[in-house]
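Asker: Sharing a sequence plus its predicted fold:
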Protein chains: 2
Amino acid sequence: MHNPLLNRRTFIKNSSKLAAGLALVSSVPKSSFALLRHKPKIRFSVIGINHSHIYGMADTVIRGGGELVSFYAKEPELVSSFSKKYPQAKLSRGQKEILEDASTQLILSSGIPVERAPLGIEVMQHGKDFLVDKPGITTLKQLAAVRRVQKETRRSYTIFIERLESKTISKAGALIKVGVIGKVIQTMGTGPHRINPSSREAWFFDKKYFGGIITDLGSHQFDQFLYFTGSSKAEVISAQAGNVHHPQYPAFEDFGDVMLRGDQGTGYFRVDWFTPDGLQSWGDGRMTILGTDGYIELRKTLDIGGREGGNHLFLVNQKETRYINCNNEPLPFSELFISDVINRTETAIKQEDCFLAAELALKAQAKAKELRFGK
Amino acid sequence: MHNPLLNRRTFIKNSSKLAAGLALVSSVPKSSFALLRHKPKIRFSVIGINHSHIYGMADTVIRGGGELVSFYAKEPELVSSFSKKYPQAKLSRGQKEILEDASTQLILSSGIPVERAPLGIEVMQHGKDFLVDKPGITTLKQLAAVRRVQKETRRSYTIFIERLESKTISKAGALIKVGVIGKVIQTMGTGPHRINPSSREAWFFDKKYFGGIITDLGSHQFDQFLYFTGSSKAEVISAQAGNVHHPQYPAFEDFGDVMLRGDQGTGYFRVDWFTPDGLQSWGDGRMTILGTDGYIELRKTLDIGGREGGNHLFLVNQKETRYINCNNEPLPFSELFISDVINRTETAIKQEDCFLAAELALKAQAKAKELRFGK
């Protein structure tokens, strides 16, 4: 193996691998690149991993510059897959140990929904910020307590709703800001989801744990209504929720819809658990934003019978009809959020916007008439 | 010109024209073919042509086997284009002459909306059926009178709503009937329209003439909600209407939306006058029908940024995602309607369905809260 030619060949081969590697790196989205480039900016832990949303949440925080140091889950059966995905995270003996670790600034959770707010309150009282899966708060009483403790501690309580991880929503927001559809009049959203009953735990089917379908799936919708209309006040005009097709789960809700009126626009949305098996996605989520001079339609996860993939935006205004694929749009949440944790700012999402969306959801759920048909 | 060769040539030339003509005839849709093939089955007249919808209505009746014999319009400026299109129709000296013509069985009208019901009552009292542009009735008081006279006279009062001339709606109805999406849970419709102010008469901008946007544009939506859910009873949960962007027309309404609950399903719709100039249609009308085992989306007039033309149906159910172009679907209204006039049946649309849709629209309009934003 001392053949210099061979060595030279090996060198050339490795050089071209290096070149290919660099090309690969340059095609990595900016936010992931940050992960490779920088040393961690903050340290964080996880308590409660009952919904698999926790993986996307942890990845988001790592991408923005967070180091995952430890986690805790009551359920031994959930621990191993989390450990496999994040071998760097130490399994703690309990949540107290994590709360009292002075080296971390942030706790994430996708615990059982009804237990999230009490945990978040403890997290803030331990001087840490909280990033929680939706629904982040399941009763109006919880909301009042969360609001009070947030005010006392000045920590942040962020609910990880769709807008924060959606390139189409963020692109639509940017387009609307520069006036492409004039003044927004109305938003109309649909959030259908696939039920996948065999993959669900018992708490999924009982609204005393998840707060009801409007609180749960609706959480994204209230946020997007406020975001796109620019409303800072809103009332629930009417709401209904019910279990129209799952009698085997009597405490479940499979359908909900809500009409809203804000100080800057009106809104409607429908959420449901009726995504059929023939759809190539967990749900055909749409959002139509009607303005005085045009409208935008988001086909978030897919374009049925149409274009490949997700993140589709259709813009129609006084000038043109235009399709925009948002796959390469920036998604600034990760970096902004970590920066907020460090600098005590609210650039990723305002604390009050987060609470207002949750408040509207909880009020709509409380007001919702039970939907029943026929005999 | 006695050259026999030339004559023979002329004969051949004419023969090939005849052959081409036959080929042309065979490509004409079945319903138009009926017009060429059969002698008229009924005779009809027109009173009031204020909206250009009258042309589509008259064509529909002619296609089904009607002979247009006479018409009357108060406005001399509207008469000439109607006469040009239908030279066979005699211009009457007044509406009395038309009402008293014992040779006709049917009267059509697209008069000013508020004048339609009083005319229809007279029509029925003269022993004739009435086919009227939407909105066919603009107040609840008019509706009560129309219902009473219809019962007394046993004539029909048919409002020409979208379903009767839409291939996608009729195809969706047929698919739902055979259970492709299970039991219908909800309908969600949008009916945006282009305002074209320069083409409109003064009555268009004053709701005392057209009854309000929910009564007018909403008329299609209530009908489709009842049709697709199969409801025979329904209540208006909430409704709002307003003039959010046309201060120059203070008595106009440019936006309305309604939530409905029927005995067999629930529904929501939005109607508006905000179609932007960059859309290649007067309005991007959609209808999504959610069932327990799938959903159907209709893109009625066009598929923005997608397929050419109109009449698009997307079906997603437990088995598949399927696109259906409905351009070649049958549209049986013309023939059924003429047959109903002759045989005193209700195969095209049931009288009570027509009244119930109008009743819901008028109740929703009466209940609608005024929509206003900002200061």
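Answerer: Perfect, thanks for sending it.
Asker: CA atoms for contacts and neighbours, from now on please.
Answerer: Will do.
Asker: Any buried residues in stretch A:227-245, and which?
Answerer: A:227-231, A:234, A:236-245 (16 or more other Cα atoms under 10 Å in any protein chain shown).
Asker: can you tell me which of those are up against chain B?
Answerer: A:Ile237, A:Ser238, A:Val244, A:His245 (Cα under 8 Å from any Cα of the partner chain).
Asker: State the distance from A:Phe337 to A:Lys350.
Answerer: From A:Phe337 over to A:Lys350 the distance is 11 Å, taken as Cα to Cα, to the nearest Å.
Asker: Could you do A:Met57 as well?
Answerer: Remark: distance between A:Met57 and A:Lys350 (Cα to Cα) = 18 Å.
Asker: who's more crowded, these two?
Answerer: A:Met57 (21 against 14; other Cα atoms under 10 Å in any protein chain shown).
Asker: So the more buried one: helix, strand or coil?
Answerer: helix (DSSP: H, G, I helix; E, B strand; the rest coil).
Asker: quick one, what contacts it?
Answerer: A:Met57 sits next to A:Leu108, A:Asp133, A:Phe160 when contact means Cα atoms under 8 Å, 6 or more residues apart in numbering or on different chains.
Asker: Which strands and helices lie in contact with the strand or helix carrying the first one?
Answerer: Just to be clear, that refers to A:Leu108. Using DSSP states H and E, A:Leu108 sits within strand A:106-109. Secondary-structure packing of strand A:106-109 (3 or more Cα pairs under 8 Å, 6 or more residues apart in numbering or on different chains; DSSP states H and E): strand A:42-47, helix A:53-64, strand A:129-133.
Asker: now with 7 Å?
Answerer: strand A:42-47, strand A:129-133 (3 or more Cα pairs under 7 Å, 6 or more residues apart in numbering or on different chains; DSSP states H and E).
Asker: contacting residues around the first one?
Answerer: By that I understand strand A:42-47. Identification of contacts with strand A:42-47 by Cα atoms under 7 Å, 6 or more residues apart in numbering or on different chains yields A:65-73, A:95, A:98, A:103-109.
Asker: and if we set it to 6 Å?
Answerer: Outside strand A:42-47, the residues within contact range by Cα atoms under 6 Å, 6 or more residues apart in numbering or on different chains are A:66-72, A:104-109.
Asker: Return the closest of the residues you listed with respect to B:Leu175.
Answerer: Nearest to B:Leu175 among those: A:Ser109, at 44.6 Å, using Cα to Cα.
Asker: Which residue is the nearest non-sequential neighbour of A:Ile169?
Answerer: Distances taken as Cα to Cα, 6 or more residues apart in numbering or on different chains put A:Arg163 closest to A:Ile169, at 5.8 Å, once the chain neighbours are dropped.
Asker: In a helix, that neighbour, correct?
Answerer: Yes: checked against three-state DSSP, A:Arg163 lies within a helix.
Asker: Give me the neighbour count for it.
Answerer: So A:Arg163, with other Cα under 10 Å, has 19 neighbours.
Asker: Could you measure from it over to chain B?
Answerer: 23 Å (Cα to the nearest Cα, to the nearest Å).
Asker: again, but for A:Lys369
Answerer: Taking Cα to the nearest Cα as the measure, A:Lys369 and chain B are separated by 10 Å.
Asker: picking that back up, with secondary structure as extra columns, can I get the ones next to chain B among the buried residues of stretch A:227-245 in a markdown table?
Answerer: Output for those, formatted as a markdown table (three-state DSSP):
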| residue | secondary structure |
| --- | --- |
| A:Ile237 | strand |
| A:Ser238 | strand |
| A:Val244 | coil |
| A:His245 | coil |
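Asker: Reformat those residues as TSV; add distance to A:Phe204 and pLDDT.
Answerer: Formatted as TSV, these follow (distance: Cα to Cα, whole Å; pLDDT from 0 to 100):
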residue	distance to A:Phe204	pLDDT
A:Ile237	28	97
A:Ser238	25	98
A:Val244	17	97
A:His245	16	97
